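J.: okay, sequence plus prediction incoming.
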Amino acid sequence: MQISIGGLAATWADFREFVAAKKRKREPLRWNPKGVVRASSCPKTVQDFERLRGLLRLNRDFGRASERLDALEHALAKQSSIGLPLPSEVIQNEDRSLTLCFGGITVRLYPDGVGTLLGGTAGHFERGITRTTLEALALKSRIQRS
């Protein structure tokens, strides 16, 4: 990406004009900067998924969402004595949440909760770790293991 000196000067002049207009109108200038992270991964093996989970636990931004993933795995193991299925895709979202796609089951792990979409895009949305979610993940895990 190239930026010319003239273009940079024009942008700077526009910014200064904007700030001057704000001062004339006596409106406050509000800054709301935030870093945006969005990445996705398609783990091919269980070892790849475990390695990704380990890295997410160490990441300060996605640590809380990783704790929700651990809670989901613990609830699944408690109910059906089986582990999580291998997701087809893991997405790190801008709002510090994780999305796991299991083919028809989408689990969104927020720092303060869990949301599940069962049945694809036109499916049923549920909040929290529900029995229906656990049964669907257990079935998906059994299918993958066979």
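T.: Perfect, thanks for sending it. Numbering: from 1, shown residues only.
J.: could you pull out the helices in the chain for me?
T.: Ranges of helices in the chain, per DSSP state H, are 5-25, 46-58, 63-80, 131-145.
J.: now what about the third one, what contacts it?
T.: I take that to be helix 63-80. Here helix 63-80 makes contact (C-beta atoms under 8 Å, 6 or more residues apart in numbering) with 53, 56-57, 59, 82-84, 96-98, 100, 107, 109-114, 129, 131, 134-135, 137-138, 141. Every C-beta, even on glycine, is put in place using the N, C-alpha and C of the backbone.
J.: can you pull out the low-pLDDT segments for this structure?
T.: Within the chain, the segments meeting pLDDT under 70 span 1-9, 33-37.
J.: for the residue nearest to the spatial centre of the chain, which residues are in contact?
T.: The residue lying closest to the centre of the chain (C-alpha atoms, centre = their mean) is L98, at 2.7 Å. L98 makes contact with 56, 62, 65-66, 68-69, 90-92, 108-109, according to C-beta under 8 Å, 6+ apart.
J.: buried set for stretch 119-135?
T.: For stretch 119-135, the buried set under the neighbour-count rule, 16 or more other C-beta atoms under 10 Å, comprises 126, 129, 133-134.
J.: next, count neighbours for L56.
T.: For L56, the neighbour count with other C-beta atoms under 10 Å is 19.
J.: again, but for F62
T.: 22.
J.: can I assume it is in contact with L56?
T.: Yes - between F62 and L56 there is a contact under C-beta atoms under 8 Å: 4.8 Å.
J.: good, we can wrap up now.
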